[in-house]
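**Student:** One predicted model, sequence on top.
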Amino acid sequence: MAYTVHAYQNDFDYHDPTRELQFLEEAAALIPGKPYGVIEAGWSNASLLGSSEVKQSRVVEDVIQFTRDSNAEFVIWFGLHEWENCGKYADTFIQDMPVDETYRARFETFMCSLGLKRFDNTPKQAYHTWLQAINR
């Protein structure tokens, strides 16, 4: 069994980093005592979506600790790097959908803020957290 966990709320609202851990716990409860994988976890660091680098870093720490303490056999973080032309990439997901400009801007921000490193390879706080946590 494998799960995807992106615990944002309506319109890509990332203000509450504890939601990611709640979603992981809910997923684990579906198959108690059995191994599973988290094939995609992620958290935005964008202030437009109610988040920050500090919140993203906290989620990274929570996800890795949860993986250690549960029957999860692995976790994959969605995106080491962000894409240089992320807006164009994000648009391919919604180009045929009837969305307004507010939704389009929030979706693009969501897609372009999940990486642990920026498109120019500079690390975010969450990247350092990831390295520290996996090396413990």
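**Tutor:** That came in fine, so what should we check first?

**Student:** ok, the residue nearest the centre of the chain - contacts?
**Tutor:** In the chain, the residue lying closest to the centroid (CA atoms, centre = their mean) is Gly42, at 1.0 Å. By CB atoms under 8 Å, 6 or more residues apart in numbering, Gly42 lies in contact with 5-6, 77-79, 114. No exception for glycine: its C-beta is placed from N, CA and C like everyone else's.

**Student:** If I look at the nearest residue to Glu40 once chain neighbours are set aside, what pLDDT would I see?
**Tutor:** Leaving out its chain neighbours, the residue that sits closest to Glu40 by CB to CB, 6 or more residues apart in numbering is Thr4, at 4.2 Å. Note for Thr4: predicted pLDDT of 87.

**Student:** Listing partners with orientation, what would you give for the strand or helix carrying Thr4?
**Tutor:** Using DSSP states H and E, Thr4 sits within strand 2-5. Strand 2-5 pairs in its sheet with strand 36-41 (parallel), by DSSP bridges.

**Student:** chain center to the strand it pairs with: distance?
**Tutor:** 11 Å (CA atoms, centre = their mean, to the nearest Å).

**Student:** Quick check: buried residues in that strand?
**Tutor:** Neighbour counts over strand 36-41 (16 or more other CB atoms under 10 Å) mark 36, 38, 40-41 as buried.

**Student:** which one among these gets closest to Thr18?
**Tutor:** Ala41 (14.2 Å; CB to CB).
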